Each structure stands twice: as structure tokens, then as C-alpha cells.
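*Asks:* Take a look and give me a structure for this.
(chains A and B)
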There are 2 protein chains.
Amino acid sequence: MTRQRHEHDMTYFESNLHDTSMADVPISAQNQNPKTQSTSSALAFLPHIALLRLRPWQLVLCLDSYLAADRELTRPLPLTSPSIKLKHERNRERQERTAMAAGDGEVAVPAAEKPEEDQVVNPWEVSAKEGGKIDYDKLIVQFGCQRLDQSIIDRVHRLTSRPPHVFLRRGVFFAHRDFNEILDAYERGEKFYLYTGRGPSSEALHLGHLIPFMFTKYLQDAFKVPLVIQLTDDEKCMWKNLSVEESKRLARENAKDIIACGFDISRTFIFSDFNYVGGTFYENMVKIDKCVTYNKVVGIFGFTGEDHIGKISFPAVQAAPSFPTSFPHLFSGKENPRCLIPCAIDQDPYFRMTRDVAPRLGYHKPALIESLFFPALQGETGKMSASDPNSAIYVTDSGKILKNKINKYAFSGGQDTIEKQRQYGANLEVDISIKYLGFFLEDDAELEHIRREYGAGRMLTGDVKKRLGEVLTELVERHQRARATVTEEMVDAFMAVRPLPNMFN
Amino acid sequence: MTRQRHEHDMTYFESNLHDTSMADVPISAQNQNPKTQSTSSALAFLPHIALLRLRPWQLVLCLDSYLAADRELTRPLPLTSPSIKLKHERNRERQERTAMAAGDGEVAVPAAEKPEEDQVVNPWEVSAKEGGKIDYDKLIVQFGCQRLDQSIIDRVHRLTSRPPHVFLRRGVFFAHRDFNEILDAYERGEKFYLYTGRGPSSEALHLGHLIPFMFTKYLQDAFKVPLVIQLTDDEKCMWKNLSVEESKRLARENAKDIIACGFDISRTFIFSDFNYVGGTFYENMVKIDKCVTYNKVVGIFGFTGEDHIGKISFPAVQAAPSFPTSFPHLFSGKENPRCLIPCAIDQDPYFRMTRDVAPRLGYHKPALIESLFFPALQGETGKMSASDPNSAIYVTDSGKILKNKINKYAFSGGQDTIEKQRQYGANLEVDISIKYLGFFLEDDAELEHIRREYGAGRMLTGDVKKRLGEVLTELVERHQRARATVTEEMVDAFMAVRPLPNMFN
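*Replies:* Below you'll find the model as predicted:
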């Protein structure tokens, strides 16, 4: 690992991990549960997830290992930081932005309502109001998207003749925009395609990064549809202190991890912006650019005058894959197929903008299916330390390392002593091992059993952590084996601009 | 001509032709010269040229034929218009912009000096202070470029063993940035390349449009160097009410007129942005984007929050061809050749920005050789009417039409009656026929003769107009013959992304 590499990591992570409302509370203090609470439903814990700053395409695990010294320099949204603005100033600014962002049907919340919330979610900033948890119900209202309810899950089950993915069953993907219309179209025999992506700013992916790809693979398999995956190396080059070459290299490395998720090469086109922007893709960028004013992107994304012009026009680059004409080698001659975008909900602003623009350009609005954020090991209200590399599990971690991380760092909802645990049981609401099992332990019955036993004090934290260690070791080792088989030639093949003649079969 | 075509013309021209300080003075009143002035030097008239609104790549002839009704809608810089802002407001705004634009070595004028001038020159607005003429000496100081003096012209003569082009001899190209360094490098045997371009917003070119291309052809022939020509169809699509398809079609039509100027296909690469953006060109766009903040482009170009994000980031697209890595098929493996840009001086802001960025990206600053503006038939202080199609001569005009335009519309510096003309002679300073002959009559001796005789009253306006009609008929008919031989295959050949193995020989 070169010095340069370290610097990149530093700037990448540090801008994710700014101060939160709980930032000054030591972990030891947070880790005391005054009263044990148990939860009746295995699904109820999921809407209460971490207080995080997130990056595009990431359900970020909060982690970092490096300096915080130049934090202010690379900070994307200095004006909205609670640490440097008084509350009334932030409210005023948000009011102004909201007023500017309003006017299209995609922004549902009344401008006056927003300032009273301290919850901010956009591709560069996720912070909850005091108390520490993102209120996803409020987010749905604020963004104007819809809750993904049981009837839709049942419909997916019926249409695909497959059991719904664990991320659907457990509400990890909890919100949507027009997913019903995608299902309507599918039922009528109309085609759609999937679009997801990643900003390649780090060498190794975390577990959180895998979530949208695992889910997208399920959707691809279940619906038998083509998929485009955008690697925004241009974005990372612009936002981070990365050279073009390093961004392109990371895009290719990340592509290997993505391929290792098992995508079907006959239905999948992976591209990096530096390699692919041009032609009709660029035409769509220009068409989108033409529909969006500076004031609009300030309203949606909170840019300031000191942001560079690449940032300001980047939203069009992320919007362009939502339109099928951006991929003439795939969709030329096809009848304007619809687009479904699985992503974390922090990406919603990009696609709110895209949906606002789409009808003006004669395209369908892309549909979205949106996920919760993935918590750090230290807990959803824990301190996201810029100097702690142990707050996430990487797909490159060995079983030994990840078990060690879980044992040492996974925030426990269990009691301080065995006696108290036996007496009161664990607080499942804050227990990270339980949360992680909710994402990755596929057996509903076993999960329910663990929750019941642990919540009732009949299981100890160590038991749950042990089981989590097994589950994640299996996941990570399977990923590592798959990735080891991904050759440069396979990357070339996935990234080749080529027709996919059987992509809808 | 379809209805659509009319609309395009309308929006294209109307934004060029906003009110000027003389806008409300009827031509008849302007056309009276209280006292005849004669000029001792045939060269002296050139620095005093028209009060015009100009577009990228154009020495615009002011003309238009269509509605002014939606003028406000398409107006690029509403805040700077004298008609809707009071003078002190404009001064304050300009002061703020200048303060923001300062800070790089390329903007030479002190911020405090600018507000006192009413002269505004940028790619979307050219307006002189009251009195009506652009003060080019002040412009040189304001922009921080250098006057192209006789010693440089002599040097070009010596280095190329050719008589300097009439546009050099007569000060049409009157200013430069680092042209001396280009000549130094050339003398050392180092390579450079030429870069010019055009925004393809109209079907037919005017005489004014030909000027940079005529001069660039001369430079290519004299120095035997490669040339890249950018057709900014993306810009025109964004600025005007043009579809992508129409912009691309106009780019191709304009390419035929450019090819008809006689460029050497073994040394010339013509590209349209919609066809060529991508690869290393896009990488350079991103690198440039990264170096330029929104505040910076507001300072340089005067954008407002209501401008769309495509406008805001477009400067990087026009900057990118200044860097040789944008053309790997031409310059890959070559040692970072320098770039020389012939253009009208209204394009200087783009390249001031580019020169500011270049060293940070490891490139040479592009050198510039910059021209005056080309006056409308109605005169340099005349009303640029959005409803007058007769204020310019198109390269598609027949000899009969253009002679008629000259006779009817070319602003005359001659006296009202033959007797007065014989007595006082003509005012050459304002006479458009004399100005046009200065551009296009190559014979220095004949031009001097006409100036002397006309100025002394021994020639009448009709005589001068007759000679101009002959000169322009020859020019235009030669162009028409050349254009008629340009086939679609030739356009394809000039626009093919291909190596030019003998481009430096």
C-alpha cells in the first residue's frame, strides 16, 4: 500500500464520518441500557438504524483509520454542519433550499415542515435529529416516496414464483417510487431494466456495499431482466483527492467485487463513466443539464458557490443511465423500456431530480426501490470515529479478523452481567449483532428464535456474536472464493460495449 | 424552410442582438456626418469597430429577421442588460463578479477599474460604453492580453518565409497571449497545434464567421501544423432552443463551409462535441471541472442561479481541446505540444479560465491570437435590429443579392450630396464599405488608393460600394464553388477519429 493510497482512504472516509449528535458521547456510556426492552416482532428493529453520513451507492458502515486534520477542507456541505451553524441558521437555509427545490411533484413535503426536523439525508450527508436515529417514516413523507408494504412483497412473490428476498421480507428495502408500475408493466409483458451503481472510492468493499448488489442480483434472477451498473469514477475523481488513473483503477477493482456477487453476464453491462461517457449517453447528459438550473441543484443537493462546476453538473451523469437511449447497444429498437433503480435511500435526491426531468424528455420516470442504511459495528447511535478502522467488516477480512471485530466492537444490547442478562434480557433495538443477523441470517425461524431467546435473557451476547461470526464468515469466504475466480478477461467481458441479445429471455 | 427552422433562427439571432447604446437612434440620424474626417493611415480604422453582441466563434455580423417577442426568455445574461438594470446596480454586480474572478494571473485589470467602464465583452455579451465603439486598447488592459505589434508580424514573416496574412497586416488579429512563446518553440523546432471552433447555431455562415477560419487556414499553411476544429453542438443545443438532432445537423452543415475554406485534410481533425466527447477528452473535462468553482465561472461569465447546470459546466468542454491529451489519436506519444488558438476576442474568457487551470494539470497554457469584431452592414454604432435580415452578407448570398445589400444598407461615411462629398470627402472612420474592404481587399496599394481618393472626395460612395461588391462577389462565389465540391464522404473523412501521420511535416 503506497502513501498515495493512504491519502485516498483518508479523504474518502473522513468526509463520510463527520460529527453526529452523539459524537461526543463515549461508547462506554452509550453501551449502558438502563432498562431492557424486548420487541415482539422480528421486523420491528429495522426502521431504526444508524446516524450516519453516507456516500453515493453505499449503505455505509462507518469507519475510518486516518487523519481528521483536513476535515474542513474536503467537507462537502460545510454550511449544513451542526457544528458550525446555529440551529436557526440551518433552519433558514434549509427553508430556502426547500423552497427552491419545490415546484416539482417529486418533492412532497411542505417547505414549512422541514426546518423543524433535524434529520438530513442526501448523498453526502445523513444525520438524524437529536436522539440519534433516522426516522424512516418521516423520510418517506419528506422525500415523497412510498412505503414498500406487504401487498407489494406478496405481489413480487406471486409474479416471480420465488420467495421474496430476505431484504424484502425484513424491510431492508422499505420504500419505493412507482415500483407498482414496474410490476404492472411486467405483468402486461412489457420489459424493464435494472440500474444500480457504485462510486469507486475505496479498494475493498464493506458488507454494507454488498447489500444493493445482492438485492439487485436477486431482482435480475427473479425477473430475468437486463442490468446496467454505473461506476462513477468521474464523480470520485472530482469529489475525492483521486487522480483519473486511480479512480479508473478502483472502478475496475470494484467491478471484480460486483461481478463476484454472481451477476449474469448475458444480462449485465458494467461501465465506468470515464470509459463510457460519450455518444447518446452524453446527449442525455446534455438534455438533462438543460432542464436543471443551478438553483435547482442547490435546492436538492445543497451545493455552494465554492463547489466546483463538475460537482454541480454531476447529477446529470448519474441521471443519464435512467434513460434507455443511453445504452443504444442494449436498447436500440426496444420500446422505451422502463428503468428500476435499487439503491440506498440517500440516493433518492438524484432520482427525484431525474424523475422531474424525465417526462420533459419523453422518457418514463425511473422507478426506485430504496433501502435503509447499514449500521456501523459500534452501533447506530455510536460515535463514528474517523480514526477507527474497526467499525466495519470488509469483504476482504478473514474469518478470524471479522470474528475478532464482532467480539470486540459490535455494540451489544445485552446486560452488563450474566445475572442481569438472565434477569432482564437484551435490548434488541440497539444490538448490532441482532441487526446484522437481520440482514444476513436467511433462516427466519432461527432469527426469530435468537431474538426471542436473547431478548428474554436465555441467550448471552457471546452466543449471538458467535452465530453472527459464523454467518458472516460464510458470507465473506464465499465472496472471497467468487472474487478469486474473477479474471481481467471477465471484467473486460462485463464491461464490453456489446449487445445482449438474450437479456430479456 | 420549416417552422422549426424559423424558431431556431429566431432564438439564435435574437440573443445576439440586444439593445445597444445607440439602439434607439434611427439609422438616418446616425448617417449624417457633421464634419468630414479623413484618416492618414490605412490601418487606423481597424481598431474602431462595431458595437455588437457576439456569439462564440463569431465575428458576428449583426443581423436577424425574426421576432423579438420572447427576447427576455432566451436572454443569456438578463442581469447585465442596461435596459433592466440601473447603472449603479450593474456596476455593483460587475464589481462583485470581478472580485470573484480575480485571483489568477490571467485577469489583469484591477477590480476597481472595471465598473467605471461601460464596456462589456464576454462570449454572450459585447457592448461598448456610451459613444458606441469598443475600445480595444482598454480591452487589452482589461483582459490582460498583449497587443500584437509589428515586431511579431515581422517575426512571423521571417519564420514562415511568407508575407503575413492581410488580417495580420491590418490588425484584424490585434491581440495575443503568449504567441511569442509559440514562435520561440517553433524556432527551436518544437511542435504546436492549432485549435479553433464554431458554435453551429445557424445554417449559413456570414462573412464574419469566415474570418477565423480564413486566418487559421493561413496559419496552418504557413507553419505546417495540425489543427483541431471543435463544433460545439452541445453548447448550441443547451443555449438555444435546438434539439440534439438539429444541433448535430447544423454542425455537419457548418463543417462543409469550414472544409470549403481549404483546410488540409492530412492535418485537420474536425469534431462535434456530441460525436467526440468521451475518453481522454472527457477525462480532461473532469480535470478542468475540478479546478473551477461556481463562483469562478460566475466571475468570468456572469452566470446566474437560474442558468442551467449545462451552461455552468460548459466552459470545461470548450477548454478541453486546449490540451493535447484530448486527442490521443493525434498526439499520443508526442511531447505535450503547445496549443495556439485563433479566435475573436470575446472568446478570451474561456481561455483565460483554461490558462489559469493548465499549469495545475501539467499542461502548457494555450496561446491565443485574437481578432476584432466584424461590423454589421448598418455600421458599428448602428442599431442591431432583430427584425432586419439585411444587416449581414451570407456566404450563400448571390452576387446580385449581396450587391443589393451593400448598396442599400452599407452605412456610408460619404456626404449627403455629390457637391459636399467633393468638398469634404468621406468619413472613413464610420464607412462600412471601407471597413469591409479593409478585411477582404488584399491589395494594400489599391486599398490605400481608395481610402485616399474617397477620403478626399474624389471618389463617391457608389464607387466604393461597387468595388466592395466585386470583391465580395468573388469571395462568396469562390466559397460557393468550393462548398459545392464538399461531399458527405469528405465530411466523414475530416471528422474521422484517425491518426494524422504527416501532420507536422
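
*Asks:* Quick check: which element contains the residue in the stretch 401-505 of chain A that chain B sits nearest to?
*Replies:* Nearest residue of the stretch 401-505 of chain A to chain B (Cβ to the nearest Cβ) works out as A:V497 at 11.0 Å. C-beta here means a position set from N, CA and C on the backbone, and glycine is covered the same way. Counting by DSSP states H and E, no helix or strand carries A:V497.

*Asks:* Tell me, how many residues neighbour it?
*Replies:* 13 (other Cβ atoms under 10 Å in any protein chain shown).

*Asks:* With A:Q230 instead?
*Replies:* A:Q230, neighbours per other Cβ under 10 Å, totals 26.

*Asks:* mind listing what it touches?
*Replies:* Listed by Cβ atoms under 8 Å, 6 or more residues apart in numbering or on different chains, the contact partners of A:Q230 are A:Y195, A:T196, A:G197, A:R198, A:F271, A:S272, A:D273, A:Q318, A:P321.

*Asks:* want to throw those residues into TSV with neighbour count and distance to A:R170?
*Replies:* Shown next, in TSV, are those (neighbours: other Cβ atoms under 10 Å in any protein chain shown; distance: Cβ to Cβ, whole Å):
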residue	neighbour count	distance to A:R170
A:Y195	27	24
A:T196	24	20
A:G197	27	24
A:R198	28	23
A:F271	24	31
A:S272	23	32
A:D273	30	33
A:Q318	27	28
A:P321	26	28
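
*Asks:* Of the residues you listed, just say which sits nearest to chain B.
*Replies:* Among these, and counting by Cβ to the nearest Cβ, the member closest to chain B is A:D273, at 7.8 Å.

*Asks:* so can I have a markdown table of the contacts of A:Q230 showing secondary structure, pLDDT and distance to B:E370?
*Replies:* Formatted as a markdown table, the contacts of A:Q230 follow (DSSP: H, G, I helix; E, B strand; the rest coil; pLDDT from 0 to 100; distance: Cβ to Cβ, whole Å):
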| residue | secondary structure | pLDDT | distance to B:E370 |
| --- | --- | --- | --- |
| A:Y195 | strand | 98 | 45 |
| A:T196 | strand | 98 | 48 |
| A:G197 | strand | 97 | 43 |
| A:R198 | strand | 96 | 45 |
| A:F271 | strand | 98 | 40 |
| A:S272 | strand | 98 | 38 |
| A:D273 | helix | 98 | 35 |
| A:Q318 | helix | 98 | 38 |
| A:P321 | helix | 98 | 41 |
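
*Asks:* Take those and lay them out in JSON lines including distance to chain B.
*Replies:* Putting the contacts of A:Q230 into JSON lines (distance: Cβ to the nearest Cβ, whole Å) gives the following:
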{"residue": "A:Y195", "distance to chain B": "20"}
{"residue": "A:T196", "distance to chain B": "22"}
{"residue": "A:G197", "distance to chain B": "17"}
{"residue": "A:R198", "distance to chain B": "18"}
{"residue": "A:F271", "distance to chain B": "12"}
{"residue": "A:S272", "distance to chain B": "11"}
{"residue": "A:D273", "distance to chain B": "8"}
{"residue": "A:Q318", "distance to chain B": "12"}
{"residue": "A:P321", "distance to chain B": "15"}
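
*Asks:* per-residue pLDDT, the residue of the stretch 401-505 of chain A closest to chain B?
*Replies:* A:V497 is assigned a pLDDT of 98 by the prediction.

*Asks:* List the residues that contact the closest residue to it other than its chain neighbours.
*Replies:* What sits nearest to A:V497 in space, not counting adjacent residues and going by Cβ to Cβ, 6 or more residues apart in numbering or on different chains, is A:H329, at 5.4 Å. For A:H329, the contacting residues are A:F269, A:V497, A:R498, A:P499, by Cβ under 8 Å, 6+ apart.

*Asks:* Could you write me a ChimeraX select line covering just the buried ones among these?
*Replies:* Buried residues among these (16 or more other Cβ atoms under 10 Å in any protein chain shown), as a ChimeraX selection:
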select /A:269
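
*Asks:* So which of the contacts of A:H329 is the closest to A:G414?
*Replies:* A:F269 (46.4 Å; Cβ to Cβ).

*Asks:* Could you pull up the contacting residues of the closest residue to the closest one other than its chain neighbours?
*Replies:* Among residues not flanking A:F269 along the chain, A:V228 sits closest, at 5.1 Å (Cβ to Cβ, 6+ apart). By Cβ under 8 Å, 6+ apart, A:V228 lies in contact with A:Y193, A:L194, A:Y195, A:T268, A:F269, A:I270, A:F271, A:P321, A:F327, A:L330.

*Asks:* with the residues you listed in mind, which one is nearest to chain B?
*Replies:* A:F271 (11.5 Å).

*Asks:* Now do the residue nearest to A:F263 when sequence neighbours are not counted against A:F167, distance only.
*Replies:* In this structure, A:F263 finds its nearest non-sequential neighbour in A:K217, 5.8 Å apart by Cβ to Cβ, 6+ apart. According to Cβ to Cβ, to the nearest Å, A:K217 and A:F167 sit 11 Å apart.

*Asks:* helix/strand/coil for the residue nearest to A:F269?
*Replies:* strand (DSSP: H, G, I helix; E, B strand; the rest coil).

*Asks:* contacting residues for A:I152?
*Replies:* Here A:I152 is in contact with A:H176, A:F179, A:N180, A:L183 (Cβ under 8 Å, 6+ apart).

*Asks:* Put together CSV for the contacts of A:V228, with distance to B:I432 on each row.
*Replies:* Shown next, in CSV, are the contacts of A:V228 (distance: Cβ to Cβ, whole Å):
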residue, distance to B:I432
A:Y193, 59
A:L194, 63
A:Y195, 57
A:T268, 64
A:F269, 58
A:I270, 60
A:F271, 55
A:P321, 53
A:F327, 53
A:L330, 56
